[in-house]
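S.K.: Pasting a predicted model and its sequence here:
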Amino acid sequence: MLALALTSSLIACGDLNETEDNTSGSTSNSTSNATTGGTTGGTTGGTTGGTTGGTTGGTTGGDTEYAFVLVEDLSTDMSGESPGADIDAISVTISGAETFASGITDFGLGGGSNLDPNQALGAPDSGCMATNFVSLGGTGGYLMAEFGATFKSGDSVTVYELGPTTCPDQTDWVDEDYRVSISVSNSTDDFIEIGVGGTGLNTITVP
């Protein structure tokens, strides 16, 4: 969380249980799309929904190929304009080459002023300033991302969360904890936790 002043309560957005796969139609807050990432809905005081879809990983040579990363906020700080983990970008490094998120397939955010999940797409662009990022909002907030590529054991996932780890000069910022999970599909039942980031760690190797 960045050091800002307003207060807001968590507004659950884009229910994880409403995440759809590519064969199941749509819900009131979630529109299936097989090729694109998330769009941002809008309600007073928060955001709503997201879209589901994307490609599905498979297996090659016995190695599972993953296609999705889920970042879940573990922070208990839900106050201010940028509560919880502040995500600038998410990437997977595949055989040494870094690939950034190309779509948001589902999300749930809290309050504050930084509520566009698409700010987490592409390479980091905040410049370690209080701009061009999305705040997850504290415990219960999440982003699900796809990358237009699959990754497997030995590759790594990096979450660019705005705090001293990624921005050493911002000594008054705080590294917020978050859980990182991976999956072959965008069904929330399929995600496997691979580690917890924050507190000095932002890259996690896929086991």
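M.R.: Noted; the coordinates are in hand. Residues are numbered from 1 along each chain as shown.
S.K.: which residues does the most centrally placed residue in the chain bridge with?
M.R.: When CA atoms, centre = their mean is applied to the chain, the residue found nearest the centroid is L143 (3.0 Å). Counting by DSSP bridges, L143 is bridged to V71, F107.
S.K.: Now do the contacts for it.
M.R.: Residues in contact with L143, defined by CB atoms under 8 Å, 6 or more residues apart in numbering, are L70, V71, I87, I90, I104, D106, F107, P117, A120, V134, L136. Every residue, glycine included, has its C-beta placed from N, CA and C.
S.K.: could I get those residues as a markdown table with neighbour count, pLDDT and distance to P168?
M.R.: Output for the contacts of L143, formatted as a markdown table (neighbours: other CB atoms under 10 Å; pLDDT from 0 to 100; distance: CB to CB, whole Å):
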| residue | neighbour count | pLDDT | distance to P168 |
| --- | --- | --- | --- |
| L70 | 25 | 98 | 27 |
| V71 | 24 | 98 | 22 |
| I87 | 28 | 96 | 18 |
| I90 | 26 | 98 | 20 |
| I104 | 28 | 99 | 28 |
| D106 | 30 | 98 | 32 |
| F107 | 31 | 98 | 28 |
| P117 | 28 | 98 | 26 |
| A120 | 27 | 98 | 21 |
| V134 | 27 | 97 | 22 |
| L136 | 35 | 96 | 22 |
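S.K.: What are the boundaries of the strands in the chain?
M.R.: 30-33, 50-53, 59-60, 63-64, 66-73, 86-94, 97-100, 103-108, 134-135, 142-151, 156-161, 178-183, 192-197, 203-205 (DSSP state E).
S.K.: Go through those strands and name the closest to S79.
M.R.: S79 sits nearest to strand 134-135 of all those, at 11.1 Å, using CB to CB.
S.K.: can you give me how far that closest one is from the chain middle?
M.R.: Relative to its chain's centre, strand 134-135 lies at 9 Å (CA atoms, centre = their mean, to the nearest Å).
S.K.: re the thing from before, tell me how far the residue nearest to the centre of the chain lies from D172.
M.R.: In this view, L143 and D172 are 25 Å apart by CB to CB, to the nearest Å.
S.K.: Now do the end-to-end distance for stretch 149-160.
M.R.: One end of stretch 149-160 sits 19 Å from the other (CA to CA, to the nearest Å).
S.K.: swap in stretch 66-83?
M.R.: Start-to-end, stretch 66-83 (CA to CA) is 30 Å.
S.K.: So which bits of that stretch are buried?
M.R.: Residues of stretch 66-83 classed as buried: 66-75, 77-83 (neighbour count, 16 or more other CB atoms under 10 Å).
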